[in-house]
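S.K.: give the three-dimensional model of this entry:
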Amino acid sequence: MVRGKTQMRRIENATSRQVTFSKRRSGLLKKAFELSILCDAEVALIIFSPRGKLYEFASSSMQTTIERYEKHTKDNQANNKSVASEQNVQQLKHEATSMMKQIEHLEVSKRKLLGESLGLCSIDELQEIEQQLERSVNSIRARKAQVYKEQIEQLREKERVLTAENQRLNEKCETMQPRQPVSEQRENLACPESSPSSDVETELFIGLPERRSKH
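M.R.: Numbering: from 1, shown residues only. Below is the predicted model:
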């Protein structure tokens, strides 16, 4: 019959908790002492009770063991950083090599698109380059047509704005011109002003000037 694992949790009763602490603390200190003797190990044990009381055991010197632990921790951190730094350098080198290969490939493709270095190209490669150039030309033409269309629309919009502005200015000029009263307009129609041509004598006389004056 397999027994299930008992879930460990905090003892709620304060008295039972204190008794258990005392027993486990004594057993832990005893095990640390036995480990240092039997295995010739450097052991340091620090325990704080729930009320903050300190219990400790050291096989040699607590301060020496703590300093040794701190030094070992720093050395491990430095080694980890060194390993990480070396890994980063290797990764950067790999990325740089990959980028150089990509740049070289792009340079070769660029020369081929310009019609250079085609001597070693096969028929399939030449056909692929030709198709790529045709796609590029089609894209350029489509973009060119779009730009023309946008410019035409802009010019038409500018024309509409100028036409509206011209109409507005014409209406403004008409409102600013003084209008002649209706009574004056009627007088001008009834009695038109004499023009210089009305005083000119139009009767035709034949003969000497003296006879013309007598008539």
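
S.K.: tell me how many other residues crowd Arg17.
M.R.: Applying other CB atoms under 10 Å, we find 13 other residues in the vicinity of Arg17. Every C-beta, even on glycine, is put in place using the N, C-alpha and C of the backbone.

S.K.: can you pull the contacts of it?
M.R.: Residues in contact with Arg17, defined by CB atoms under 8 Å, 6 or more residues apart in numbering, are 10-11, 50.

S.K.: show me the protein divided up by domain.
M.R.: Domains of the chain are assigned by automatic domain parsing as 14-60, 74-117, 120-173.

S.K.: tell me which of those lies nearest to Arg68.
M.R.: Taking CB to CB, domain 14-60 is the member of those nearest to Arg68, at 7.5 Å.

S.K.: helix or strand: which one has Ile37?
M.R.: Element membership for Ile37 (DSSP states H and E) is helix 14-38.

S.K.: tell me the buried residues in that helix?
M.R.: 32, 36 (16 or more other CB atoms under 10 Å).

S.K.: immediately after that helix, which helix or strand?
M.R.: For helix 14-38, the succeeding helix or strand toward the C-terminus, using DSSP H and E, is strand 44-48.

S.K.: which neighbouring elements make contact with whatever helix or strand comes next after that following strand?
M.R.: Sequence order places strand 54-58 as the next helix or strand after strand 44-48, per DSSP H and E. Applying 3 or more CB pairs under 8 Å, 6 or more residues apart in numbering; DSSP states H and E, we find strand 54-58 packed against helix 14-38, strand 44-48.
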